[in-house]
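**Q** From the sequence below, what's the structure:
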Amino acid sequence: MYFLQRWPSTASMKRVKQRVKELTPRAACHRDLRETIAKINPVIRGWGNYFATGNATGKFNQVDSYVWKRLRTLVRKRKGRNLRAGELRRWTGHAFYRLGLHKLLGTIRYPGQAKLPRPERPPVSRVREIRTHGLNGGLTHSRRKTEEG
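**A** A predicted model of the protein is given here:
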């Protein structure tokens, strides 16, 4: 089977991370998280759809973790000094996905196997008919002498 060997370049990874960073400035920490997620989702979804037909699982995982860590930073900034011990641990990727954040991991589509035209082959074996192939399949030198003589 043949699959497309394609994944996002380093420059493309930097661009999507930069775009997420622009949409989640630290000054937006007092905005509702659902509004921030609603602004991020089209960017992530569009970028993910462009690279969805390849083997970009590792890169998608990197972008997913970058986005939810960026959102977790906003939550931490919002809480400030009122952040209680262990409270930040509950803000994992799953918590943001429950709020509606688009998850890239698991959206990869593998196109069907490349169908290459097979040339018509004659039904004749390509092994010579002199019976010298294989270990025991043909006549050996010692067997020829016994059969001839």
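
**Q** The lengthiest helix in the chain packs against which elements?
**A** When secondary structure is assigned using DSSP state H, the longest helix within the chain turns out to be helix 57-79. Judged by 3 or more CB pairs under 8 Å, 6 or more residues apart in numbering; DSSP states H and E, the packing partners of helix 57-79 are helix 10-23, helix 33-50, helix 93-98. Using the backbone N, CA and C atoms, a C-beta is placed for each residue, glycine as well.

**Q** would a markdown table of those helices with distance to F60 be doable?
**A** A markdown table is the format used below for the helices and strands packed on helix 57-79 (distance: least, CB to CB, whole Å):
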| stretch | distance to F60 |
| --- | --- |
| helix 10-23 | 10 |
| helix 33-50 | 7 |
| helix 93-98 | 12 |
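
**Q** how about those helices, which one is nearest L104?
**A** Nearest to L104 among the helices and strands packed on helix 57-79 is helix 33-50 (4.5 Å), distances taken as CB to CB.
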